[in-house]
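[1] Just a sequence and a predicted model for now, questions to come.
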Amino acid sequence: MRSKEASKLLEQVREQKPLIHNITNVVVTNFTANGILSMGAAPVMANAVQEAADMASAADALVLNIGTLNDAQIEAMMLAGKAANEKGIPIVLDPVGAGATAYRTETARKLLEQLDITLLRGNAAEVSEIAGLESDIRGVDASGGEKNMEAIASHAAKTLNIAVAVTGAKDAVADNKCLYSINNGHSMLTRITGTGCLASAVIAAFLTVTEKTASGAAAALGYYGIAAERAEGFASMQGPGTFQIELLNALYHVGEMDFKQQLNIEKEILDRGGSTHE
Amino acid sequence: MRSKEASKLLEQVREQKPLIHNITNVVVTNFTANGILSMGAAPVMANAVQEAADMASAADALVLNIGTLNDAQIEAMMLAGKAANEKGIPIVLDPVGAGATAYRTETARKLLEQLDITLLRGNAAEVSEIAGLESDIRGVDASGGEKNMEAIASHAAKTLNIAVAVTGAKDAVADNKCLYSINNGHSMLTRITGTGCLASAVIAAFLTVTEKTASGAAAALGYYGIAAERAEGFASMQGPGTFQIELLNALYHVGEMDFKQQLNIEKEILDRGGSTHE
Amino acid sequence: MRSKEASKLLEQVREQKPLIHNITNVVVTNFTANGILSMGAAPVMANAVQEAADMASAADALVLNIGTLNDAQIEAMMLAGKAANEKGIPIVLDPVGAGATAYRTETARKLLEQLDITLLRGNAAEVSEIAGLESDIRGVDASGGEKNMEAIASHAAKTLNIAVAVTGAKDAVADNKCLYSINNGHSMLTRITGTGCLASAVIAAFLTVTEKTASGAAAALGYYGIAAERAEGFASMQGPGTFQIELLNALYHVGEMDFKQQLNIEKEILDRGGSTHE
């Protein structure tokens, strides 16, 4: 992916300041809202069934995150999701902890069935669980290397028939046709809570300015990865407390020049018979 | 306003360490509690209907913030509000997102009707919505300049017949008699979440040590604005992550000398026929 | 306590990365999760009655924190607690605000009665309230000096017949046989929210690698106190915002050498007739 194409999307987000409606877990609300503000978009959180649909109708994208579920929140997610589908705005589903309890796995599947989800973003274990990939990719370490993340993303995209982003130290995004390998990022992202949840919100913001879901998500994760690299550059091993703060700073500062110098995304065309490098 | 008068209130807060009971949204709980601690007061959060009244009865001020409402929380707010009124402690209402959904607008109005609210604190759009000012101030950009904020504050104070604080990069506070223009503050306050919510709590703390609501609120916002200026001085464009941390540091450190050097509040006497500068 | 014994426990935590299930208040979720990650363990939050037992069964320790209670959460605590007892994993109870409202005091007592709690961790006022110590230690300032904290810890351990940790600027841990005085720590811990809550989670992580509850908890608090000392060393009076960040950094960095240089824990053997210094 050319850096210009990716940085143009970020510029558009910053110009349009899209409103991102988050129905998310109580662990990451503050960090998510601050991350969205830092990148130049506008966050709103609203969980009540009485207003979830109204808020989604006023928003430019919706993020559904199941990190601290309860039944009232699931109902609010359904109402907000239907309003979002009606309005035609993108929905990103973040299935936090799918596989850890039946409640989470079943809720994630129900949301995928009953709503028109634009993109699923999870770690390797969560996405594998949702897509029922254990048997297909037996022996694969779900938390494992880049190659596996790419296999999981492309398999899940095929199975679920939506765009899928698998994130970790590095990330992969796939739809039915393409696979993007995002080689930006930093392992410190795994040492603070909510970095995956924030990645979902950053993707949602990018999807408000492009119809090309997979490439838009890849650009978003490239931006996020560059921000993480910059953050650790400034934090320089002071620790995860400082890294968290520097990540917010970096989301605010990263721009065209950083994309030009650092963006590292590979694109592969997928076809039925196999795959071809572009 | 003389800096000595304002800094004296902060000193009294730090001596008396008033307990501020917050029924607030899940996005800002941590930041609000840390901000209250940093300034020298004591925070408590308690949302359950089973204990909301008990906690308000033990507190020195109550903050009601509708940022992530649900029906149980509204019931808790009513119970806590009635207990606060009975005890005679100040209540600050923060109508986060009023106007964004009917649920929020109606809840804010219901709280204003059924409780004796001491002060309403919101941004220009929220306060305009609550006070029904759209038709009165047609053509006014709700997010706009200082002049509009002052007009909104004084109109809303007249309409609602309570003290009103309108905050943004700069702030205005009005009651039926006076209008205060607070020229302290920094635009970085709009780049992190919860700075308005924390402003409400800071005002509540100041109102525990004075009966003069409007001037007490103006002093509180002067202090908060000075802290923001100091914070950005230290953060020096590192970004919103660092600014958030430096704001907590500044709330802890700002004292008499800072008030003397930086406080910039203008007071105007309002009367029926017009307004006179004092 | 020898530093080697204590630092060995931390090493084991970092090797085994135990999963700590927290049912906790909405003020401290993010800080607690990040603190657990910083020390090298793994956090999970799950409050719903539909999954609380499943999550506890998958975890290595459970923390029950009553800081922002509601009835659904109490039910979830009971279900998770029973699952934890069945599996035989440690439970730490953090009775935030016990004594402030009847709802909190009664809930804390009910949890102690109906579950097999491994350790109670609170401040002096909370522990005194739970253990009904007002009459026994009349005239004692509950928020007071080290000597009182030790008296409260040993009295409460005897009365409740479980291990008890009383924390403040300094800490005390007692069971029926021993009393540990932890002379590490820093007063800045009282200027940010959630440091007590995080201490409970750090203790829970240590209890996953030892059966010796009181000495394990003392080692955990020694580690936590050393981290606080290191944090204020780096924050060097910049304020509570910076201290919060440096505490997360310090939990990440503190290791064997720091224990060797700084750990300061005294152990006293308690017996029926009195107490003997070891």
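    Structure's in. What do you need? Numbering: from 1, shown residues only, chains lettered A, B, ... in the order given.
[2] CA only for contacts and neighbour counts going forward, please
    Noted.
[3] beta partners of residue A:92?
    On the basis of DSSP bridges, residue A:92 is bridged to residue A:63, residue A:119.
[4] That one: neighbour count?
    27 (other Cα atoms under 10 Å in any protein chain shown).
[5] now residue A:245
    22.
[6] Chain neighbours aside, what residue packs nearest to it?
    Excluding its sequence neighbours, the residue lying closest to residue A:245 (Cα to Cα, 6 or more residues apart in numbering or on different chains) is residue B:241, at 4.6 Å.
[7] Check residue A:176 too.
    Leaving out its chain neighbours, the residue that sits closest to residue A:176 by Cα to Cα, 6+ apart is residue A:158, at 5.7 Å.
[8] With residue A:87 instead?
    Nearest to residue A:87 is residue A:57, by Cα to Cα, 6+ apart, at 6.5 Å.
[9] got the residues of the stretch 101-250 of chain A near chain C?
    Counting by Cα under 8 Å from any Cα of the partner chain, the residues of the stretch 101-250 of chain A close to chain C are A:101, A:102, A:103, A:191, A:192, A:193, A:238, A:239, A:240, A:241, A:242.
[10] Could you tell me which of the residues you listed belong to helices?
    Taking DSSP state H, the ones among those that sit in helices are A:102, A:103, A:240, A:241, A:242.
[11] Quick check: closest non-adjacent residue to the first one.
    This means residue A:102. Closest to residue A:102 by Cα to Cα, 6+ apart is residue C:51, at 7.5 Å.
[12] And the third one, by the same measure?
    Leaving out its chain neighbours, the residue that sits closest to residue A:240 by Cα to Cα, 6+ apart is residue C:249, at 5.7 Å.
[13] Kindly report the same for the last one.
    Using Cα to Cα, 6+ apart and skipping residues adjacent in sequence, the residue nearest residue A:242 is residue A:235, 5.7 Å away.
[14] can you give me the helices in the stretch 101-250 of chain A?
    Assigned by DSSP state H, counting those that start in this stretch, the stretch 101-250 of chain A shows helices spanning A:102-114, A:124-131, A:146-160, A:195-207, A:213-235, A:240-253.
[15] Check those for me and report the most buried one.
    Mean neighbours per residue, mean count of other Cα atoms under 10 Å in any protein chain shown, is largest over the helices of the stretch 101-250 of chain A for helix A:195-207, with a mean of 28.
[16] just how off-centre is it within its chain?
    Centroid separation for helix A:195-207 versus its chain: 4 Å, with Cα atoms, centre = their mean, to the nearest Å.
[17] then that helix to CSV, C-alphas only?
    Only the C-alpha atoms of helix A:195-207 are listed here, as CSV (Å, rounded to 0.1, in the frame of the first residue of the first chain):
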residue,chain,number,x,y,z
THR,A,195,-4.9,-1.3,22.8
GLY,A,196,-6.9,-3.9,20.7
CYS,A,197,-10.1,-2.1,21.7
LEU,A,198,-8.7,1.2,20.6
ALA,A,199,-7.5,-0.4,17.3
SER,A,200,-11.1,-1.3,16.6
ALA,A,201,-12.2,2.3,17.1
VAL,A,202,-9.4,3.6,14.9
ILE,A,203,-10.4,1.3,12.2
ALA,A,204,-14.0,2.4,12.5
ALA,A,205,-12.9,6.0,12.1
PHE,A,206,-11.0,5.2,8.9
LEU,A,207,-14.0,3.3,7.5
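[18] Which strands and helices lie in contact with it?
    Using 3 or more Cα pairs under 8 Å, 6 or more residues apart in numbering or on different chains; DSSP states H and E as the contact test, the elements touching helix A:195-207 are helix A:3-16, strand A:19-23, helix A:29-39, strand A:61-65, strand A:91-94, helix A:213-235.
[19] right, is the helix or strand that the third one is followed by up against chain B?
    Elements were assigned by DSSP states H and E; along the chain past helix A:29-39, the next helix or strand is strand A:42-45. Yes: remark: strand A:42-45 sits within contact range of chain B at residue A:45, by Cα under 8 Å from any Cα.
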